[in-house]
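Engineer: Need a 3D model of the sequence below.
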Amino acid sequence: MSQKKYQDMLAQRTEKSFEEWKLRGSLTERELYYFLHKLKGTSGTIGLQQLSLYCASQLEILTSSNDQKIPVSSLENLKNRIRSYFSESADEKKEEFQLPERYINRLDQETFVLIIDDDLEFVSYLKELLEKLGAQVIISLNGKRGIEQFYSMRPSIVIVDHKLPDMSGFEVLDQIAETARQKNTTLAISSENPTKELQIESYRRGAMDFISKPFDMDIFFPYLFNRQQLQQAISSSIITDSLTGIGNRRYFDEVINSWAKTADQSECIFSLVMVDLDHFKQVNDLYGHPAGDRVLRKFGEIMKQEKREGDYVFRYGGEEFAFLLSNVEAEDAIHVVERVRKKFNAEEFTSGEKVFNVTFSAGSATYSGNTAELISSADQALYEAKRNGRNQTVIYDQCRLVVQRKLIVIIVDDDSFIRQILQHTLLELKSRDMEITVKTYSDGPTFLEDDWYTPDDYFIVLLDGVMPKMDGLEVLSRLKSDHAKTNVTVSMMTARKSANDIKAALWLGADDYIIKPFEPSEVLGRIDKLANRLFDKRE
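Structural biologist: Purely as a prediction, here's the structure:
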């Protein structure tokens with residue numbers, strides 16, 4: 001792993017800033033202060049320690065609140081000094097940070113990191129390192145997008161920069177800290193200005209950790225492992241979902257395995273009902289996440305009220321719930337579900353002056369010797385209930401064809417060779433519970449105009465950044481402007497030199513990016529991880 005490519009990206013970005021200064025003729029002391037602040041944190045992280053120290057020395061004589069203008073002509077010595085540090089890096093072979101072999105693949109896809117930071121060189125470098133560890137990483141370049149991705153992607157670790165282009169890191173914390181606490185999510189604030197006051201305010205606003213920039217990787221990785229181990233220990237010791245008060249996924253696994261063992265040794269029977277709230281993402285989008293939380297709490301409350309003595313209820317993950325019902329076949333379990341439906345459908349929820357109702361779909365199956373098959377059967381029945389119009393319960397029938405959830409991977413690229421290679425590679429993805437289809441388009445207009453979208457399937461779009469008929473960024477913008485398409489995840493494919501394209505794509509709502517040229521196996525791994533996350537309902 002070479003730090004040089006990130007140093008080159010930073011040098012290019014710095015020269016672009018110098019060119020902008022020249023056109024303007026002057027800048028404020030405040031602007032210079034924050035330019036050096038960002039440069040200090042990024043340069044130190046990617047191996048330019050002397051440049052980082054120089055920026056720190058200049059910051060000591062500047063203030064962040066002074067709007068007095070400084071002529072650009074007076075900054076020639078500063079600019080030349082900064083350029084000299086990039087030149088030294090190019091001329092001298094320095095020892096780069098090497099990721100220890102014992103760290104590679106130390107984490108798994110359960111470690112899902114969200115980085116909210118607008119410094120592209122810094123986050124790109126960090127993303128590459130973390131993915132070497134085996135983690136999944138999503139980047140947000142502004143606070144608004146970061147908040148959206150926090151609620152939609154359910155990361156396990158969130159690192160928020162103190163200064164963002166549209167809001168402060170504290171404002172981000174205000175909107176996610178309570179939910180993060182409930183979900184056992186690690187929240188960290190990062191900053192190039194590790195003052196005592198800033199650290200106190202970070203902890204007061206809900207951050208668990210404060211990380212100084214530049215990142216010292218020798219410290220950062222053990223810290224990351226420590227936090228992941230803590231999360232795992234906490235998760236394994238809690239059996240109740242903190243939001244709804246009913247059993248969580250871990251407790252569900254314990255109970256269903258216990259019941260299966262008893263059933264295998266006796267004549268006992270039991271059934272599983274999987275439940276999914278209809279169009280719940282639209283509830284969050286239209287009425288806000290606090291309203292969505294009220295819906296989840298009320299549904300859990302009604303489940304507890306209507307279950308029979310000896311039955312168990314669980315929040316399986318997100319907006320999905322589960323009933324375990326003793327001594328009943330799937331056909332009889334439906335009576336309990338319909339009592340819940342009658343009560344829940346009549347419930348009116350409010351958000352400001354708006355009043356709305358929520359329904360749910362359910363699938364029921366009876367245990368026949370294998371818990372994995374039971375969960376899959378109930379899930380298939382649930383999926384059929386959703387495809388048949390929602391707000392209904394379907395009983396699993398072993399004699400009918402298996403109904404699988406559908407994942408459609410769409411490749412939009414004008415290069416026919418790339419399309420063929422990716423299509424052939426992605427068809428290797430196999431899943432018992434998921435039907436995978438690959439579609440290809442040679443240009444953006446053909447893709448956008450085609451009738452490819454369905455609300456009950458899941459989509460991953462691999463979108464080329466540069467195409468002749470319509471630029472990939474314009475395709476992305478049009479795609480993300482349709483807020484109803486909440487089941488569509490987009491990964492931009494772009495060249496390493498197109499740093500501005502990466503930044504623009506992330507600003508427009510891309511969920512990930514893939515650098516060309518790439519190995520087909522790398523794309524396969526990314527899609528596999530993302531697909532597992534889309535279908536995995538664990539909190």
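Engineer: drop to CA atoms for contacts and neighbour counts, all remaining ones
Structural biologist: Fine.
Engineer: can I see the domain layout of the chain?
Structural biologist: If the domains of the chain are taken from automatic domain parsing, they occupy 4-91, 101-237, 249-395, 405-535, with pieces of a single domain joined by a plus sign.
Engineer: Mind putting the ones you listed into a markdown table with distance to residue 243, mean neighbour count and mean pLDDT?
Structural biologist: What follows is those, written out as a markdown table (distance: least, C-alpha to C-alpha, whole Å; neighbours: other C-alpha atoms under 10 Å; pLDDT from 0 to 100):
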| stretch | distance to residue 243 | mean neighbour count | mean pLDDT |
| --- | --- | --- | --- |
| domain 4-91 | 37 | 16 | 87 |
| domain 101-237 | 7 | 18 | 90 |
| domain 249-395 | 6 | 19 | 92 |
| domain 405-535 | 21 | 17 | 82 |
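Engineer: any chance you could map the strands in the stretch 1-150 of the chain?
Structural biologist: Under the criterion DSSP state E, counting those that start in this stretch, the stretch 1-150 of the chain contains strands at 26-28, 69-71, 112-116, 136-140.
Engineer: From residue 147, how far off is the residue positioned nearest the centre of the chain?
Structural biologist: Nearest residue to the geometric centre of the chain (C-alpha atoms, centre = their mean): residue 153, 3.7 Å. For residue 153, the distance to residue 147 under the criterion C-alpha to C-alpha, to the nearest Å works out to 10 Å.
Engineer: do the same with residue 24
Structural biologist: As defined by C-alpha to C-alpha, residue 24 lies at a distance of 34 Å from residue 147.
Engineer: Residue 180 too?
Structural biologist: Where residue 147 is concerned, residue 180 sits at a distance of 11 Å (C-alpha to C-alpha).
Engineer: again with residue 125
Structural biologist: As for residue 125, its distance to residue 147 is 22 Å (criterion: C-alpha to C-alpha).
Engineer: Same question for residue 331.
Structural biologist: Applying C-alpha to C-alpha, the value for residue 331 to residue 147 is 42 Å.
Engineer: Same check on residue 168?
Structural biologist: Here residue 168 is placed at a distance of 12 Å from residue 147 (C-alpha to C-alpha).
Engineer: Ok, residue 389 next?
Structural biologist: Relative to residue 147, residue 389 is positioned 31 Å away (criterion: C-alpha to C-alpha).
Engineer: Now do the helices for the stretch 51-200 of the chain: every range, in order, please.
Structural biologist: Under the criterion DSSP state H, counting those that start in this stretch, helices of the stretch 51-200 of the chain are mapped to 76-91, 120-133, 143-153, 169-182, 196-204.
Engineer: mind giving me TSV with the ones you listed and columns for distance to residue 422?
Structural biologist: Listed next are the helices of the stretch 51-200 of the chain as TSV, based on distance: least, C-alpha to C-alpha, whole Å:
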stretch	distance to residue 422
helix 76-91	36
helix 120-133	21
helix 143-153	25
helix 169-182	36
helix 196-204	44
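Engineer: Of the ones you listed, which is nearest residue 64?
Structural biologist: Residue 64 lies closest to helix 196-204 among the helices of the stretch 51-200 of the chain, at 14.1 Å (C-alpha to C-alpha).
Engineer: Which element is encountered next along the chain beyond the closest one?
Structural biologist: Toward the C-terminal end, the helix or strand that comes next after helix 196-204 (DSSP states H and E) is strand 209-212.
Engineer: Strand partners (parallel or antiparallel) of that following strand?
Structural biologist: Next to strand 209-212 in the sheet, as set by DSSP bridges, lie strand 186-191 (parallel).
Engineer: And the strand it pairs with, how far out from the chain middle?
Structural biologist: The gap between where strand 186-191 is centred and where its chain is centred comes out at 16 Å by C-alpha atoms, centre = their mean, to the nearest Å.
Engineer: Check what contacts that strand and list those residues.
Structural biologist: If you take C-alpha atoms under 8 Å, 6 or more residues apart in numbering as the criterion, strand 186-191 is touched by 41, 156-163, 169, 177, 180, 202, 206-213, 227, 231.
Engineer: and what of stretch 110-127?
Structural biologist: Applying C-alpha under 8 Å, 6+ apart, the external contacts of stretch 110-127 come out as 3, 6, 9-10, 38, 42, 45-46, 134-143, 146, 149-150, 155-161, 164-165, 228, 499, 503.
Engineer: All the helices of the stretch 301-450 of the chain, residue numbers only.
Structural biologist: Read by DSSP H, counting those that start in this stretch, the stretch 301-450 of the chain holds these helices, from start to end of the chain: 330-345, 371-387, 416-426, 444-449.
Engineer: The third one packs against which elements?
Structural biologist: When you say that, I think you mean helix 416-426. Using 3 or more C-alpha pairs under 8 Å, 6 or more residues apart in numbering; DSSP states H and E as the contact criterion, the elements in contact with helix 416-426 are strand 405-412, strand 434-441, helix 520-535.
Engineer: tell me what the helix or strand hosting residue 258 is packed against?
Structural biologist: Counting by DSSP H and E, the element that carries residue 258 is helix 249-264. Using 3+ C-alpha pairs under 8 Å, 6+ apart as the contact criterion, the secondary-structure elements in contact with helix 249-264 are strand 312-317, helix 371-387.
Engineer: partners of the next helix or strand after it in the sheet?
Structural biologist: Scanning the chain past helix 249-264 towards its C-terminal end, the next helix or strand to appear is strand 270-277 (assignment: DSSP H and E). Sheet partners assigned to strand 270-277 using DSSP bridges are listed as strand 320-326 (antiparallel), strand 360-366 (antiparallel).
Engineer: To residue 426, which of those strands lies closest?
Structural biologist: Ranking those by distance to residue 426, with C-alpha to C-alpha as the measure, places strand 320-326 first at 28.2 Å.
Engineer: Present the helices and strands packed on helix 249-264 as JSON lines; the columns should include distance to residue 408.
Structural biologist: As requested, the helices and strands packed on helix 249-264 are exported to JSON lines (distance: least, C-alpha to C-alpha, whole Å):
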{"stretch": "strand 312-317", "distance to residue 408": "23"}
{"stretch": "helix 371-387", "distance to residue 408": "16"}
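Engineer: which residues sit in contact with residue 486?
Structural biologist: Taking C-alpha under 8 Å, 6+ apart as the criterion, residue 486 is in contact with residue 281.
Engineer: what does residue 491 give?
Structural biologist: Listed by C-alpha under 8 Å, 6+ apart, the contact partners of residue 491 are 460, 461, 462, 463, 510, 511, 512, 513, 514.
Engineer: Repeat that for residue 518.
Structural biologist: If a contact means C-alpha under 8 Å, 6+ apart, then residue 518 has no contacts.
Engineer: what secondary structure does it sit in?
Structural biologist: With DSSP: H, G, I helix; E, B strand; the rest coil as the basis, the three-state label of residue 518 is coil.
Engineer: Could you tell me the end-to-end distance of stretch 353-364?
Structural biologist: Using C-alpha to C-alpha, the end-to-end distance of stretch 353-364 comes to 37 Å.
Engineer: how close does residue 310 get to residue 480?
Structural biologist: Going from residue 310 to residue 480 by C-alpha to C-alpha gives 46 Å.
Engineer: can you check residue 65 too?
Structural biologist: The value you get for residue 65 to residue 480, if C-alpha to C-alpha is used, is 37 Å.
Engineer: again, but for residue 75
Structural biologist: 42 Å.
Engineer: For the residue nearest to residue 435 when sequence neighbours are not counted, which residues are in contact?
Structural biologist: Nearest residue to residue 435, sequence neighbours excluded (C-alpha to C-alpha, 6 or more residues apart in numbering): residue 406, at 4.8 Å. Residue 406 is in contact with 434, 435, 436, 437, 457, 458, counting by C-alpha under 8 Å, 6+ apart.
Engineer: hang on, the fourth one packs against residue 409?
Structural biologist: Just to be clear, that refers to residue 437. Yes - counting by C-alpha atoms under 8 Å, residue 437 sits close enough to residue 409 to count as a contact (6.2 Å).
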